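Enquirer: Provided below are the primary sequence and the corresponding predicted coordinates.
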Amino acid sequence: MASMLLTSLRSSPLTSVQAAQFAARSFSTSVHLQAQAKSKKTLAKPGVKNIVLVDGVRTPFLLSGTTYADLMPHDLARAALQGLLNRTGLPKDAVDYIVYGSVIQEVKTSNVAREAALGAGFSDKTPAHTVTMACISSNQAMTTAVGLIAAGQCDAVVAGGVEFMSDVPIRHSRKMRKTMLSLNKAKTLGARLSLLGSIRLAHLSPELPAVAEFSTAETMGHSADRLAAAFGVTRLEQDEFALRSHTLAKKAQDSGLLSDVISFKVPGRDIVSKDNGIRPSTMEQMAKLKPAFIKPHGTVTAANSSFLTDGASAVLIMSEEKALAMGYKPKAYLRDFVYVSQDPKDQLLLGPTYATPKVLEKSGLTFNDIDVFEFHEAFAGQIMANLKAMESDWFAQTYMGRKTKVGAPPMEKFNSWGGSLSLGHPFAATGCRLVTTVAHRLQKEGGQYGLVAACAAGGQGHAMVIEAYPQ
Amino acid sequence: MASTRLLLTRSGCTALKTITGHGQRSLSVSSAVLARTHVSYEVKDNVAVVRINDPTSKVNTLGRHMQAELVEVINEIWGNSAVKSAVLISSKPGSFIAGADLNMFQACKTAEEVTKMLQAGQKMFEQIEKSPIPFVAAINGSCLGGGLEFAIACQYRIATKNKKTILGTPEVMLGLLPGAGGTQRLPKMVGLPAAFDMMLTGRNIKAEKAKKMGLVHQLVDPLGPGLKSPEERTIEYLEEVAVDFAKGLAGKKVTVEKKKGLMQKVQDFVMGLPPVRKQIYKTVHSKVMKQSKGLYPAPLKIIECVQTGIEKGNAAGYLAESENFGKLAMTSVSRALIGLFYGQVACKKNHFGQPEREVKKLAVLGAGLMGAGIAQVTIDKGVAIILKDTTEEGLARGQQQVFKGLNDKTKKKNLTTFERDRIMSMLSGQLDYRGFENADMVIEAVFEDLSIKHKVMKEVEAVIPPHCIFATNTSALPIKDIAAASKRPEKVIGMHYFSPVDKMQLLEIITTNKTSKDTTASAVAVGLKQGKVIIVVGDGPGFYTTRCLGPMLAEAIRVLQEGVGPKKLDSLTTGFGFPVGTATLADEVGIDVAAHVAEDLGKAFGTRFGGGNVEVLKMMIQKGFKGRKSGKGCYVYGAKSKEKKVNSGAEDILKSFKLTAPPAVSADEDIQYRLVSRFVNEAILCLQEGILPDPVQGDIGAVFGLGFPPCLGGPFRFVDSYGADKLVQKMKRFEEAYGNQFTPCQLLLDHAKDSSKRFHK
């Protein structure tokens, strides 16, 4: 079904894509109405505070090594935070707390949340901390904020995430580090000289960070390729999905739907106001690429994987009362969320499959109730594998302890403004983009419930249900 | 081409004739297709996918039936013009082809018969090597012996990076050689030194290493959960990849030859020089002679076959290979080694049924070498372990031993550091009895002293749950004496491990007449989990293994007292086939342990266990010569020089206990047989007394636990092949000189009287 739709997308010109989408959407609306009749209720729970997303912004996501190349991570985070302040007109001292996500840490700004907040002009009386949970770091930042508000400790929290891949910490080798540390302690000239003399050429070779699991030493792309093979996802399916992502992103960008993007005057460079990784190609071009990880017979290539990206995002989360008291019109309610984890070797990227049914059950919703799906696209193969896993009774019974399959989201509701494959994936910034996009799509498309799901290194995953704020 | 196909068909038919019930197969092709049970094929995109699966076994072996069907299928493929290439794959997860069917050779009466059979196999593989269409071997699981020879006859090899995927030529371990072209193709494929290493050691090679060596061309990663089970899908994926490569080969898009690096070119050039090759043959030959003492013919024949093939050409090589294999198959060494192989397989099964409860938590008492060793071999099998000691130093040492064992595996890349940490988290080191209330089994490895064992048993029984089994690790104390202190003797069993536990394969399990069957089943299940080869014997002083070793050690001391130096004693015993010389063995075991055992068994069995004077050992202990662990025993340890020095202090002691050697029984060969006959006689007595349930376990225990010469196959097979009557004659001669230590037991006498009586059929 999904592949049929994709094929038609690929072969038809843009206008017919639109037509198909309209048709699909009107179809989905009717489904939605039916669901409405049965369960059009708010997910508010007695005794639980309503927590709202007031607004969300992000810097343009750029290919690493491009316009942001000379910045530091906190510069990007600062831009997102300032953007959020501008967008919401929030008084700088009205924020109780700031939580920020980051994956690859710049050692100088290990608590990047605090450095960025100070730089963005927030009150120095506002505490800030940094969280890390791989690709769902800013999801963790947001749910941390939700927790602080739900527990009655805060009323207004800024959450966000930043990733800066243009510069990553490259370290001296362990042996070299040890020598250098001992050198500090060496008292006599002789001791110092003998330490220096112990340095060998091999000690000078640096340690590069890799997007690899510590527990298995397998790179994520390699694992994604194996996952795709395990679910029988073909190269063609992957390329088609990647092309879909780029095509939809391009369309969303051109029609001005990506309103969470703020303009950013990069010091010493021009104003950046658009993502620069969206590049709809052709199937023929994509077919020419060689596999990037499993050679020569793998299926994951540079074109059907998310690329290294620089970017930052931020959201303002409040209790509903506080938001209303401050005169805000919130965009959405943040409802139930779950974190899941599984085998980091063979199920590294299956987080969405495990998290989706769990969060739906928690909310008392079914697939039919969801109007908007935003899944993090790490690799086209990973998304396709998740969709196949969700459609498989055997997988559900054997590995998830369920009686029947989860079911897969209908493609017309799925990542329809592009995804990480095309927009880019600054690891810790993606979560806020997903949530903000759901809120925006719900507003634009008139839906009620949205679902965010994402996988993360370490074999972890996350899902959250978002409810549109009554217009 | 046509004639060769005819030949293949013919050999296929002759093979078929021997299998009853398949006579009608030759009538028509369609019925033959229907009747095939081991080999099937389908054509996908002009690629013939040949799937092998022996429905009667867990592993695929190249038996008559399999070979016949393969020949049939391959002929059909060649006859099908639509087929441009072929993939050979097994449908069994975990086994490509584990080797040739040994029964096939064992059924042969003469060397010529074996040779003829091999020549048919050689020809079949030669056909494949020269096949007009390329063959891709897609390897998942064991690819050994004939299976590897089949694979290397193919044009291309793809293997899964699975832990179960191993390639190798283990024939040498069965006293045979790779007889289906292996000695000819391997040297060309991986080079002379690597080929010798593979064939002479029989070692298993993992897929990654095989790729580096040039033994396989491509690797495929094993897959995790998907829409099918990981095993099933991995095979499917392997097939998909192999089919792609097969198409590539047929379309000339994939080339078989790799570009050679500079090093490779240099190596090839050097190997091309006859004097260099000659030197290699010579070096390898002398190395083999040094290690095997000339007792094992197979390695020498392997060298001969390789040399013949390279120096005199293929035809001569193949002929030498098949003829030598035939000769080897008829040797007693090969029979002995094959007997051990089957014995080992039998001793890796639980003959006592499924235990009622699986042992999920094991407590080990005593973190010494033994206790920690037991923890070490159990911890990575998903069993939670409590390692308890009485002192913090003892515990720390034991925990470090377990960690080191795992860490060494990470250095060899058998384990990731992360897996090591996960495994290590299963270990709880402690000084108290916390958590014993959840233990399913306790193995005590405390000091060998009955009163200490009783004290420990009482302490443990006060805290363990009713179902918990109490196993005692002792090398000589009778289990019933230990169990005397137990409130629940049906749960008490002996588990005699051998040091070092992680290296020694044997586990001797001892049951008393009160031990319940379920307790035994559980102990065997734990032993099997630990990867042990298990013999289950009856209770008595020294059980089986220690009891056999006792008289031999006593004789060794006498030999030493008679003025034969430790070095001479070692060379006599290793010359007979013992992997470790007796004097060295005593040092390894520990002189104090030996004295302890000698005294205990001496008390239990009387003068039959006499010979050397126990006072010799006691004096050595007094002087601190306790063996390797104390730095001095028969030899002096510690110095880094390779040459071991005899401990002059020990020599002085021996001089003070000097005995005169009776010249009639003191020739070198006599000394060897004095040592061996006492061992063998005691082993047979154990069988006669019912300590030992059968000769198979007797042979396995002696070889794997005590280092009885593997080329002789164990004491029982030795008596069978040497002749009970000849042995009895020798013993009678010794008896005249020394007395009842050499009196043959009744069972041995029975066998001597009636030559039709044999321990092994």
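Expert: Received, thanks. Residues are numbered from 1 along each chain as shown, chains lettered A, B, ... in the order given.

Enquirer: gap between the nearest residue to A:T216 once chain neighbours are set aside and A:H462?
Expert: Counting by CB to CB, 6 or more residues apart in numbering or on different chains, A:T216 lies nearest to A:K345, which is 4.8 Å off, once chain neighbours are set aside. Glycine gets a C-beta too; all of them are placed from N, C-alpha and C. Distance of A:K345 to A:H462, given as CB to CB, to the nearest Å: 20 Å.

Enquirer: Looking at the two, which is more packed in?
Expert: Taking other CB atoms under 10 Å in any protein chain shown, A:K345 and A:H462 do not tie; A:H462 has more neighbours (28 against 16).

Enquirer: what sits against the residue in the stretch 101-250 of chain A that chain B sits nearest to?
Expert: Residue nearest to chain B within the stretch 101-250 of chain A: A:A230 (3.1 Å; CB to the nearest CB). Contacts of A:A230 were listed using CB atoms under 8 Å, 6 or more residues apart in numbering or on different chains, and they are A:346, A:385, B:223-227, B:230, B:233, B:237.

Enquirer: Keep only those of those that are in helices.
Expert: Using DSSP state H, the subset of these located in helices is A:385, B:230, B:233, B:237.

Enquirer: and which of those residues is nearest A:V272?
Expert: A:A385 (33.8 Å; CB to CB).

Enquirer: count of neighbours near that closest one?
Expert: For A:A385, using other CB under 10 Å, the count is 29.

Enquirer: thinking it is in contact with A:P352, fair?
Expert: No. Counting by CB atoms under 8 Å, A:A385 does not reach A:P352; the two are 9.9 Å apart.

Enquirer: Surely A:V52 forms part of a strand?
Expert: Yes. Counting by DSSP: H, G, I helix; E, B strand; the rest coil, A:V52 is located in a strand.

Enquirer: is it in a bridge, and if so with what?
Expert: A:M318, A:Y333 (DSSP bridges).

Enquirer: re the thing from before, neighbour-wise, which one of the ones in helices among the contacts of A:A230 leads?
Expert: Ranking these using other CB under 10 Å puts A:A385 first, with 29 neighbours.

Enquirer: do you know how far B:S286 is from A:E218?
Expert: Separation of B:S286 from A:E218 (CB to CB) stands at 45 Å.

Enquirer: Looking at those two, which has the bigger crowd around it?
Expert: The residue with more neighbours, out of B:S286 and A:E218 and counting by other CB under 10 Å, is A:E218; that gives 19 against 10.

Enquirer: Now that one: phi and psi?
Expert: When quoted as degrees, to the nearest 10, the phi and psi of A:E218 stand at phi -90, psi 140.

Enquirer: could the contacts of A:A230 go into a markdown table alongside distance to A:V99 and pLDDT?
Expert: Converted to a markdown table, the contacts of A:A230 look like this (distance: CB to CB, whole Å; pLDDT from 0 to 100):
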| residue | distance to A:V99 | pLDDT |
| --- | --- | --- |
| A:D346 | 32 | 96 |
| A:A385 | 31 | 98 |
| B:L223 | 38 | 97 |
| B:G224 | 34 | 96 |
| B:P225 | 34 | 95 |
| B:G226 | 37 | 96 |
| B:L227 | 39 | 96 |
| B:P230 | 39 | 96 |
| B:R233 | 41 | 96 |
| B:Y237 | 42 | 97 |
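
Enquirer: Switch those residues over to JSON lines; also include distance to A:T309.
Expert: Shown next, in JSON lines, are the contacts of A:A230 (distance: CB to CB, whole Å):
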{"residue": "A:D346", "distance to A:T309": "27"}
{"residue": "A:A385", "distance to A:T309": "22"}
{"residue": "B:L223", "distance to A:T309": "29"}
{"residue": "B:G224", "distance to A:T309": "27"}
{"residue": "B:P225", "distance to A:T309": "30"}
{"residue": "B:G226", "distance to A:T309": "29"}
{"residue": "B:L227", "distance to A:T309": "32"}
{"residue": "B:P230", "distance to A:T309": "33"}
{"residue": "B:R233", "distance to A:T309": "33"}
{"residue": "B:Y237", "distance to A:T309": "31"}
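
Enquirer: all strands for the stretch 201-350 of chain B, in order.
Expert: Taking DSSP state E, counting those that start in this stretch as the criterion, the stretch 201-350 of chain B carries its strands at B:205-206, B:218-220.

Enquirer: typo on my end, the stretch 301-450 of chain A
Expert: A:309-319, A:332-341, A:370-375, A:449-456.

Enquirer: Export those strands as CSV, with columns for mean neighbour count and distance to B:D592.
Expert: As requested, those are exported to CSV (neighbours: other CB atoms under 10 Å in any protein chain shown; distance: least, CB to CB, whole Å):
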stretch, mean neighbour count, distance to B:D592
strand A:309-319, 30, 69
strand A:332-341, 21, 53
strand A:370-375, 25, 69
strand A:449-456, 28, 59
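
Enquirer: Turn the ones you listed into a markdown table, columns for distance to B:G146 and mean pLDDT.
Expert: Below are those laid out as a markdown table (distance: least, CB to CB, whole Å; pLDDT from 0 to 100):
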| stretch | distance to B:G146 | mean pLDDT |
| --- | --- | --- |
| strand A:309-319 | 54 | 98 |
| strand A:332-341 | 46 | 98 |
| strand A:370-375 | 51 | 98 |
| strand A:449-456 | 45 | 98 |
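
Enquirer: What distance do you get for whichever residue of chain B sits closest to chain A to A:A380?
Expert: Per CB to the nearest CB, B:G224 is where chain B lies closest to chain A, at 2.2 Å. Distance, B:G224 to A:A380, by CB to CB: 18 Å.

Enquirer: Tell me which of these two has more neighbours.
Expert: A:A380 (31 against 21).

Enquirer: Would you quantify the distance from that one to A:S422?
Expert: 10 Å.

Enquirer: Find the residues that touch each one of these two.
Expert: A:242, A:245.

Enquirer: Next up, the contacts around A:P127.
Expert: Applying CB under 8 Å, 6+ apart, the residues near A:P127 are A:97-98, A:114.

Enquirer: nearest residue to whatever residue of the stretch 301-450 of chain A ends up closest to chain B other than its sequence neighbours?
Expert: Scanning the stretch 301-450 of chain A for proximity to chain B using CB to the nearest CB identifies A:D346 as nearest, at 2.2 Å. Leaving aside its sequence neighbours, A:D346 sits nearest to B:G224 (CB to CB, 6+ apart; 2.2 Å).

Enquirer: Now for the spatially most central residue of chain A: which residues touch it?
Expert: Nearest residue to the geometric centre of chain A (CA atoms, centre = their mean): A:T430, 2.5 Å. Counting by CB under 8 Å, 6+ apart, A:T430 makes contact with A:135, A:138, A:161, A:313, A:376, A:420, A:454.

Enquirer: any idea how far B:I128 is from the second one?
Expert: To tie it back to what came earlier, the one meant is A:S138. Distance from A:S138 to B:I128, by CB to CB: 58 Å.

Enquirer: who has more neighbours, those two?
Expert: A:S138 (36 against 21).

Enquirer: and that one, what does it touch?
Expert: A:100-101, A:159-161, A:313, A:428-432.

Enquirer: Now, of those, which are buried?
Expert: Neighbour-count burial (16 or more other CB atoms under 10 Å in any protein chain shown) applied to these gives A:100-101, A:159-161, A:313, A:428-432.

Enquirer: Close to chain A: what parts of the stretch 351-500 of chain B are there?
Expert: B:416, B:418 (CB under 8 Å from any CB of the partner chain).

Enquirer: What segments of the stretch 351-500 of chain B are strands?
Expert: Going by DSSP E, counting those that start in this stretch, the stretch 351-500 of chain B shows strands at B:361-365, B:384-388, B:427-430, B:441-444, B:469-472, B:492-497.
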